[in-house]
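*Asks:* I'd like to go over a predicted model; first the sequence, then the structure.
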Amino acid sequence: MDISTIKLITIKNAAKILGVTPLTLRNWDNSGKFCASRHPINNYRVYKLEDIEKLLMEIESSKGKKPNKKEVRKLVVQHLTD
């Protein structure tokens, strides 16, 4: 894949999309659960749009069966560890 075709999202925007705080994303990155890429010039964390979309699709697909909090946590942890 050509690097120029990859859409990168800032940590602030990724947090808004996922409904979490930027600190949560930093913690996920530090623990290896949902790793960020780094901007080549300023070294800030950025996220690939396709990775965010995958996570959102998995969360949305689970909504149809009304999962409880334990199931949602398992889904997120499972996705983040893959």
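*Replies:* Nice, I can see it.
*Asks:* what packs against the longest helix along the chain?
*Replies:* For the chain, the helix that runs over the most residues, judged by DSSP state H, is helix 49-63. Judged by 3 or more CB pairs under 8 Å, 6 or more residues apart in numbering; DSSP states H and E, the packing partners of helix 49-63 are strand 8-10, helix 11-18, helix 69-81. For glycine as for every other residue, the C-beta is placed from the backbone atoms N, C-alpha and C.
*Asks:* ok, 7 Å please
*Replies:* Secondary-structure packing of helix 49-63 (3 or more CB pairs under 7 Å, 6 or more residues apart in numbering; DSSP states H and E): helix 11-18, helix 69-81.
*Asks:* just the buried positions in it, please.
*Replies:* Across helix 49-63, burial judged by 16 or more other CB atoms under 10 Å covers Asp51, Ile52, Leu55, Ile59.
*Asks:* farthest pair within these?
*Replies:* Of all pairs drawn from these, the one with the longest distance (CB to CB) is Asp51 and Ile59, at 13.1 Å.
*Asks:* still on that earlier bit, hey, least reliable of the helices and strands packed on helix 49-63 by pLDDT?
*Replies:* Among the helices and strands packed on helix 49-63, helix 69-81 has the lowest mean pLDDT, at a mean of 54.
*Asks:* against Glu53, how distant is Gly60?
*Replies:* Rather than Gly, residue 60 is Glu. Noted for Glu60: a distance of 10 Å to Glu53, by CB to CB, to the nearest Å.
*Asks:* which one of the buried residues of helix 49-63 is nearest Trp28?
*Replies:* For the buried residues of helix 49-63, the closest approach to Trp28 (CB to CB) belongs to Leu55, at 10.3 Å.
*Asks:* low-confidence ranges, this structure, go.
*Replies:* By pLDDT under 70, the low-scoring segments of the chain are 1-5, 62-82.
*Asks:* could you rerun that using 90?
*Replies:* Scanning the chain for pLDDT under 90 picks out 1-9, 13-20, 33-34, 40, 49-82.
*Asks:* give me the beta-bridge partners of the nearest residue to Ala36 once chain neighbours are set aside?
*Replies:* Excluding its sequence neighbours, the residue lying closest to Ala36 (CB to CB, 6 or more residues apart in numbering) is Arg45, at 3.8 Å. According to DSSP bridges, Arg38 are recorded as the beta-bridge partners of Arg45.
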